[in-house]
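[1] pasting the sequence and the predicted model now:
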Amino acid sequence: MIERRKPISVGEAVQRIMEWKKYGDEEYVSIEKSDGRFLSQPLKADHDVPHFDRSPYDGFAIRSEDTDSCSNEQPIQLEVVDEIGAGQVSSFHLKQNQAIRIMTGAAIPSGADCVIMLELTSEAEKDGKKFITIKRKMKKGENISFQGEDAKKGDKLIEEGTKVNPGVKALLATFGYNQVPVVRRPIIGVLATGSELLEVDEPLQSGKIRNSNGHMIISQVERAGGVVRRYGQCEDHLEDVLKTVQLAVEECDFVITTGGVSVGDFDYLPEIYDRLGAKKLFNKIAMRPGSVTTAAVCNGKLLFGLSGNPSACYVGFELYVRPIIRYWLHQSKPFLAKGTAILQKDFPKANPFNRFVRSQLHYGEGGRLFVSPVGLDKSNVVTSLAWANCLMVLPGGTRGFKTGDLVDVLLLEDETGSDVPWQESKKSSKL
Ligand SMILES: Nc1nc2c(c(=O)[nH]1)N[C@H]1C(S)=C(S)[C@@H](COP(=O)(O)OP(=O)(O)OC[C@H]3O[C@@H](n4cnc5c(N)ncnc54)[C@H](O)[C@@H]3O)O[C@H]1N2
Ligand code: MOO
Ligand SMILES: [Mg+2]
């Protein structure tokens, strides 16, 4: 007797998964190795930036009051008593009618309260002394980059859970983080099941295909911020797959398998979960593709049984595995960011279930966002995955959509994310 599975909604599936979410521990890595890692603490300024008043220009540090009577008709002369470059501090205290030649980034000398740009001065030498002529009145504080104008000591500058990118790295370096506190990445076991699977370097054989899901999932895990422990591929052999999954549960934080979750004779994952004594969370979701996406918990660890069909596998990962990884990495917005875009092609298929269509977003006329489905909308296709940068969400219970309709899209390459676990899309929305 075939088991009749009762589909649950996408929202319910997300909720059941998130009940098992965990927060990753902290570890320290050198700043050189911190790219792409997620901060385990917020970054607070422990000093002002800059921490001294400095010059934003090459020019002369002067006293504004000396220029009070100065104009085009009444130029003044100041004596140049010192010269400093960035990194130097002048030992002079500026007195009446004196100037110090200063380069961009150098500390404002004591006594000075403004900087005049080099281009607004002319230089001359008299009796072995240097002078500048100024034809312009200067204001107190003019052309000074003030202490703390960039950041004040105590300011919270970056949230915990932020991914280290080049800009974040600049701040880490500014505040002296030689060792950076980051979240330990979750170790995720990945196993592809299927007797039809060839390794990527094997020539094609009749009836067999190369294991694309294994490589795709590894890449999805890494994009989400996890690390993969590879368990390669396994033939559809109950005992072998069971042993490998068992080992992966012992060695990893989460386990992902692909294939073998439906009702075929060689779909062994449901039996494997039973044999492991795992608690089943769901095995059917009202969505396409990915309706057979299965999840279970064994020894407190999540097991994701993704479909063997490439597109179903991909979508199952993004909806249910990605948020678990992002939450582990302390992200406050672990879910895929959702936006709206204008449909650029008719999509006449009825949608009994929520449908996640591999699609491409692009900016069109007037900077508006447009979306077009890419490739064949079948769960066993692989080509559309390479062309998609978003998933268009067409809600269940609709009879297709028309060019010009406003539709929801889930962004695949976005780093901002969303804190909304799931919200059903509107059944129709015209522009
Ligand atoms: N009688 C029914 N048949 C099927 C149902 C159903 O409800 N009743 N569900 C269909 C749906 S929907 C999907 S999705 C698939 C799910 O299949 P499985 O998760 O059990 O996966 P397999 O049977 O192992 O393989 C399915 C398909 O995917 C190819 N595959 C598998 N692994 C890989 C891989 N690593 N790389 C690339 N391609 C892979 C495999 O060759 C099959 O073609 O079940 C439907 N059937
Ligand atoms: O789970 Mo299947 O991918 O719905 O097609
Ligand atoms: Mg199957």
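    Okay, I see it. Ligands and ions are numbered 1, 2, ... in the order given.

[2] which residues are in contact with stretch 307-320?
    Outside stretch 307-320, the residues that touch it by CB atoms under 8 Å, 6 or more residues apart in numbering are 10, 13-14, 17, 193-194, 212-213, 216-217, 220, 256, 258-262, 287, 289-293, 295, 304, 306, 336, 356, 358, 378-382, 384-385, 391, 410, 412. Bear in mind the C-beta positions are built from the backbone N, C-alpha and C, glycine included.

[3] backbone dihedrals for the residue of the stretch 1-150 of the chain at minimum distance from ligand 2, please?
    Closest residue of the stretch 1-150 of the chain to ligand 2, CB to the nearest ligand atom: residue 7 (9.9 Å). Note on residue 7: its backbone torsions stand at phi -70, psi 140 [degrees, to the nearest 10].

[4] per-residue pLDDT, it?
    Residue 7 is assigned 96 on the pLDDT scale.

[5] what about it, distance to residue 353?
    Using CB to CB, to the nearest Å, residue 7 is found at 7 Å from residue 353.

[6] out of those two, which sits in the busier spot?
    residue 353 (19 against 16; other CB atoms under 10 Å).

[7] which residues does that one contact?
    Taking CB under 8 Å, 6+ apart as the contact definition, residue 353 lies against 7, 286-288, 291, 396.

[8] switch to 6 Å and redo it
    Neighbouring residues of residue 353 by CB atoms under 6 Å, 6 or more residues apart in numbering: 286-288, 396.

[9] isn't there a helix covering residue 274?
    Yes - Residue 274 sits within a helix when classified using DSSP: H, G, I helix; E, B strand; the rest coil.

[10] just the pLDDT at it, thanks.
    Looking at residue 274, the pLDDT reads 97.

[11] circling back to that earlier point, let me see the contact set for the residue of the stretch 1-150 of the chain closest to ligand 2.
    So residue 7 contacts 284-286 (CB under 6 Å, 6+ apart).

[12] residue 304 too?
    256, 295, 321.

[13] and of those, the nearest to residue 143?
    Residue 143 lies nearest to residue 321 out of the contacts of residue 304, by CB to CB, at 53.5 Å.

[14] residue 37 versus the closest one, what's the distance?
    Taken as CB to CB, the span from residue 321 to residue 37 is 19 Å.

[15] the more surrounded of those two?
    Neighbour totals were compared for residue 321 and residue 37, and residue 321 leads with 24 against 21 (other CB under 10 Å).

[16] in three-state terms, label the more buried one for me.
    Under three-state DSSP, the three-state class of residue 321 is helix.

[17] do the same with residue 216
    Put simply, residue 216 is helix when judged by three-state DSSP.

[18] measure how buried it is and give me the count.
    21.

[19] show me what contacts residue 341?
    361, 369-371, 409 are the contacts of residue 341 under CB under 6 Å, 6+ apart.

[20] likewise for residue 48?
    147-148, 152-153.

[21] what does the model give it for pLDDT?
    As predicted, residue 48 sits at a pLDDT of 98.

[22] which parts of the stretch 301-431 of the chain sit against ligand 1?
    Within reach of ligand 1 by CB under 6 Å from any ligand atom, the stretch 301-431 of the chain has these residues: 307-310, 312, 379-380.

[23] out of those, which are buried?
    307-310, 312, 379 (16 or more other CB atoms under 10 Å).

[24] next up, phi/psi of the closest residue to residue 287 other than its chain neighbours, please.
    Nearest residue to residue 287 in three dimensions, chain neighbours excluded: residue 354, at 4.7 Å (CB to CB, 6 or more residues apart in numbering). Main-chain dihedrals, residue 354, degrees, to the nearest 10: phi -60, psi 130.

[25] what is the burial count for residue 354?
    24.

[26] cool, and residue 266?
    The local packing of residue 266 (other CB under 10 Å) involves 16 other residues.

[27] over to residue 105?
    Residues lying near residue 105 (other CB under 10 Å) number 17.

[28] what score does it have for pLDDT?
    pLDDT at residue 105 comes out at 98.

[29] test my guess that it contacts residue 86.
    Yes - look at residue 105 against residue 86 with CB atoms under 6 Å: they come within range, at 3.3 Å.

[30] is residue 17 in a helix, a strand, or coil?
    On the basis of three-state DSSP, residue 17 is classed as helix.

[31] switch to numbering from 231
    OK, 231 is where the count begins now, so the last one is residue 247.

[32] quick check: residue 554 is in a strand.
    No - going by three-state DSSP, the assignment for residue 554 is helix, not a strand.

[33] which bits of the chain sit near ligand 2?
    Residues of the chain lying near ligand 2 (CB under 6 Å from any ligand atom): 518-522, 537, 539, 542, 609.

[34] now the residues you listed as TSV including pLDDT, secondary structure and distance to residue 574?
    Putting those into TSV (pLDDT from 0 to 100; DSSP: H, G, I helix; E, B strand; the rest coil; distance: CB to CB, whole Å) gives the following:
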residue	pLDDT	secondary structure	distance to residue 574
518	96	strand	21
519	97	coil	22
520	97	coil	24
521	97	coil	27
522	97	coil	30
537	98	coil	28
539	98	coil	26
542	98	helix	25
609	95	coil	23
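
[35] and of those residues, the nearest to residue 341?
    residue 520 (70.8 Å).

[36] contact partners for the closest one?
    Residue 520 neighbours (CB under 6 Å, 6+ apart): 537, 542, 545-546.

[37] before we move on, what about residue 576?
    Contact partners of residue 576, counting by CB under 6 Å, 6+ apart, are 632-633.

[38] rerun at 10 Å
    Taking CB atoms under 10 Å, 6 or more residues apart in numbering, we find residue 576 in contact with 603, 630-635.

[39] and it, what's its pLDDT?
    Taking residue 576 on its own, its pLDDT is 95.
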